[in-house]
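> Output the structure for:
(2 chains)
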Amino acid sequence: MGSEPGGCGLRRFSCELGPLGRPDGSAALLQGDTSVLAGLYGPAEVKVSKELYDKATVEVLLKPKVGLPGVFEKNREQLIRKTCEAALLGALHPRTSITIVLQVISDAGSLLACCLNAACMGLMDAGLPMKSLFCGVTCTLDATGAIGLDPTAKQEKEARAVVTFAISSVERQVLMSTTKGTCSVEELQQCIAAAQRASGAIFQFYRDSVRRKYSKT
Amino acid sequence: MAAAEAGALPAEQRVGQVVLPGDVLLLPAHPEADGERLWLGPGAALPGRLVCGPGLRSCGAGLLVTKCGLLRHRQAGGAGGGSGGAYWVDSQQKRYVPVKGDHVIGIVTIKAGDIFKVDVGGSEQASLSYLAFEGATKRNRPNVQVGDLIYGQFIVANKDMEPEMVCIDSSGRANGMGVIGHEGLLFKVSLGLIRKLLAPNCEIIQELGQLYPFEIVFGMNGRIWVKAKTIQQTLIVANILEACEHMTAEQRTQAFAKLSER
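Here you go, the predicted model:
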């Protein structure tokens, strides 16, 4: 079930749609050696305290491989939640909750990008209404200013700056960006352009995965 | 921009293919004067008009896909032809969202005075009036207990309101609806499988019917209730239906052949 997003510097992707029986949608994504399992529930009942009268309440729970989620996970949860809210048509299901549970299985770099990709595949599997798809791409800048895509944990550690973008499938808009380290404005622009180029391969991977799922019926 | 370009294709070319959220389907130019307008909703199928069904929204150039699945098309019944008919996305999902007119199987959770609360698997429990049963009056209340299974129909179902069920048709007849007996087995399958099973002349049901007699109820919310003569037969029917989800037609005929030998 693997596929190589054609030669644009991304690691090998492979996924399984609907590996879990209980949730409404699920996806297991392997990106290089980084692996995340996503489970989705929704549109489901919502607690009165969290109810929004005009749109669905989106919740993201990021479970680390070991231990309890801390501040680091909470920060990433918010980034993923905002990205999902931008892509979802939440207004079609007011007063409901959409819960995305992401379980990290192994972290070998580009974890946030992998979480975003797993969340999007889970949303597709659950059949929730979306304006567009989104994908996560992590870029690194080394000391010479060369851009690397989809880094491993080692490459991330050596890099001067690590930048992650969420990119929408419609017009390749940037939905979210987060940076670590220092980089110039031009370098950031170059990273965006590189991520936008790489996103095409990821969206093609999504399409192939969904085709494989529907070829069985 | 490969995916975006692949998305902006004429709608007819993509029928039967997989579409993803964000894809745009182009429609042929309308010959009518007010051709730019799209009519939404199931009731608006005038000849020559286009209906956009589940998983699609109208946008400037044509239709925007919001769910992933297979694109389906049905020609308009009348002499409209051309641009008429309906497009929709056939997706495999598990979570039910109430739709007006759907027949579903619900479980009674609360008895509160005049109404029952029924769990139908959606985001909110449906309400069911005690008067919405055949022959029910203020004096003659229906015998419904918490935990009973109800086969009914939605008369109110929209995103902003609590869904409401009834167990009578417009002429006040039960027409098969009401409380389902205490025996039998209830199980859940995906919504796509239910639609396949409820399609007219469904092969699976016809083949199953040749094995032995049984009673079966399909709810559009993915619930199936079966009852055969013995518990063993009930379980066989339930297992076959659950397995049908991942079987091709040939695998199914083989499985049926094995069963009928015994």
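> which residues of the chain score low on pLDDT?
All of this refers to chain A. A:1-8, A:217 (pLDDT under 70).
> The intended chain is chain B.
Using pLDDT under 70, the flagged stretches of chain B are B:1-7, B:29-48, B:77-84, B:262.
> if you set the cut-off to 50 instead, what comes out?
Applying pLDDT under 50 to chain B flags residues B:1-6, B:31-35, B:43-47, B:79-81.
> So which bits of it are right by chain A?
B:1-4, B:6, B:18, B:20-22, B:55, B:64, B:66-70, B:91-95, B:97, B:122-124, B:159-160, B:192, B:246, B:248 (Cβ under 8 Å from any Cβ of the partner chain). In short, each C-beta sits where N, CA and C put it, glycine included.
> again, only using 7 Å
For chain B, the residues in contact with chain A (Cβ under 7 Å from any Cβ of the partner chain) are B:1-4, B:18, B:20-22, B:66-70, B:91-95, B:97, B:123-124, B:159-160, B:192, B:246.
> could you flag which of those residues are buried?
Buried members of the residues of chain B next to chain A, scored by 16 or more other Cβ atoms under 10 Å in any protein chain shown, are B:3-4, B:18, B:20-22, B:66-70, B:91-95, B:97, B:123-124, B:192.
> wait, what's in contact with the closest residue to B:Gly53 other than its chain neighbours?
Nearest residue to B:Gly53, sequence neighbours excluded (Cβ to Cβ, 6 or more residues apart in numbering or on different chains): B:Trp88, at 2.8 Å. Neighbour list for B:Trp88: B:Gly53, B:Pro54, B:Gly55, B:Leu56, B:Arg72 [criterion: Cβ atoms under 7 Å, 6 or more residues apart in numbering or on different chains].
> Go over the secondary structure and confirm the last one is in a strand.
Yes - B:Arg72 forms part of a strand when assessed by DSSP: H, G, I helix; E, B strand; the rest coil.
> Mind listing what's buried along stretch A:198-207?
For stretch A:198-207, the neighbour count (16+ other Cβ under 10 Å) marks A:Ala198, A:Ser199, A:Gly200, A:Ala201, A:Ile202, A:Phe203, A:Gln204, A:Phe205, A:Tyr206, A:Arg207 as buried.
> To clarify, my last question referred to stretch A:72-86.
A:Glu73, A:Arg76, A:Glu77, A:Leu79, A:Ile80, A:Arg81, A:Thr83, A:Cys84, A:Glu85, A:Ala86.
> Backbone torsions only: list them for the first one.
With angles defined as degrees, to the nearest 10, A:Glu73 sits at phi -70, psi -40.
> isn't it right up against A:Leu61?
No - in this structure, A:Glu73 is not within contact of A:Leu61 by Cβ atoms under 7 Å, at 8.6 Å.
> Between these two, which contacts overlap?
Residues touching both A:Glu73 and A:Leu61 (Cβ under 7 Å, 6+ apart): none.
> could you say what helices and strands the host helix or strand of B:Val118 packs with?
Element membership of B:Val118 [criterion: DSSP states H and E] is strand B:115-119. Other helices and strands packing on strand B:115-119, by 3 or more Cβ pairs under 7 Å, 6 or more residues apart in numbering or on different chains; DSSP states H and E, are strand B:103-112, strand B:126-129.
> Adjacent strands (with direction) for the first one?
What that stands for is strand B:103-112. Sheet pairing of strand B:103-112 (DSSP bridges) gives strand B:115-119 (antiparallel), strand B:149-156 (antiparallel).
> Would you mark the buried spots in it?
Buried residues in strand B:103-112, defined by neighbour count with 16+ other Cβ under 10 Å: B:His103, B:Val104, B:Ile105, B:Gly106, B:Ile107, B:Val108.
> Identify all contacting residues around it.
Counting by Cβ under 7 Å, 6+ apart, B:116-120, B:125-126, B:144-154, B:165, B:217, B:219-221, B:223, B:225 sit against strand B:103-112.
> Tell me which of the residues of chain B next to chain A fall in strands.
B:Val18, B:Gly69, B:Leu70 (DSSP state E).
> Who is the first one paired with across the strands?
Think B:Val18. B:Leu70.
> isn't it right next to A:Ser209, touching?
No - if you go by Cβ under 7 Å, B:Val18 and A:Ser209 don't touch, sitting 9.9 Å apart.
> Find the residues that touch each one of the two.
The overlap between the contact sets of B:Val18 and A:Ser209 (Cβ under 7 Å, 6+ apart) is empty.
> that older thread, so can I have TSV of the contacts of B:Trp88 showing secondary structure and neighbour count?
Formatted as TSV, the contacts of B:Trp88 follow (DSSP: H, G, I helix; E, B strand; the rest coil; neighbours: other Cβ atoms under 10 Å in any protein chain shown):
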residue	secondary structure	neighbour count
B:Gly53	coil	17
B:Pro54	coil	18
B:Gly55	coil	24
B:Leu56	strand	26
B:Arg72	strand	15
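> Could you single out the nearest of these to A:Phe165?
In terms of Cβ to Cβ, no member of the contacts of B:Trp88 lies closer to A:Phe165 than B:Gly55, at 27.6 Å.
> residue contacts, the residue lying closest to the closest one once chain neighbours are set aside?
Nearest residue to B:Gly55 in three dimensions, chain neighbours excluded: B:Val89, at 2.9 Å (Cβ to Cβ, 6+ apart). B:Val89 sits next to B:Val19, B:Pro54, B:Gly55, B:Leu56, B:Val65, B:Lys67, B:Gly69, B:Leu71 when contact means Cβ under 7 Å, 6+ apart.
> Please tabulate these in a markdown table, including the columns distance to A:Ala119.
Formatted as a markdown table, the contacts of B:Val89 follow (distance: Cβ to Cβ, whole Å):
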| residue | distance to A:Ala119 |
| --- | --- |
| B:Val19 | 20 |
| B:Pro54 | 23 |
| B:Gly55 | 20 |
| B:Leu56 | 23 |
| B:Val65 | 19 |
| B:Lys67 | 16 |
| B:Gly69 | 19 |
| B:Leu71 | 24 |
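> Which residue ranges of chain B form helices?
B:2-7, B:191-198, B:203-211, B:231-244, B:249-261 (DSSP state H).
> For the second one, buried residues please.
Burial within helix B:191-198, assessed by neighbour count using 16+ other Cβ under 10 Å, is assigned to B:Leu191, B:Gly192, B:Leu193, B:Ile194, B:Lys196, B:Leu197.
> Farthest-apart pair in those, please.
The widest separation within these (Cβ to Cβ) is 10.8 Å, between B:Leu191 and B:Leu197.
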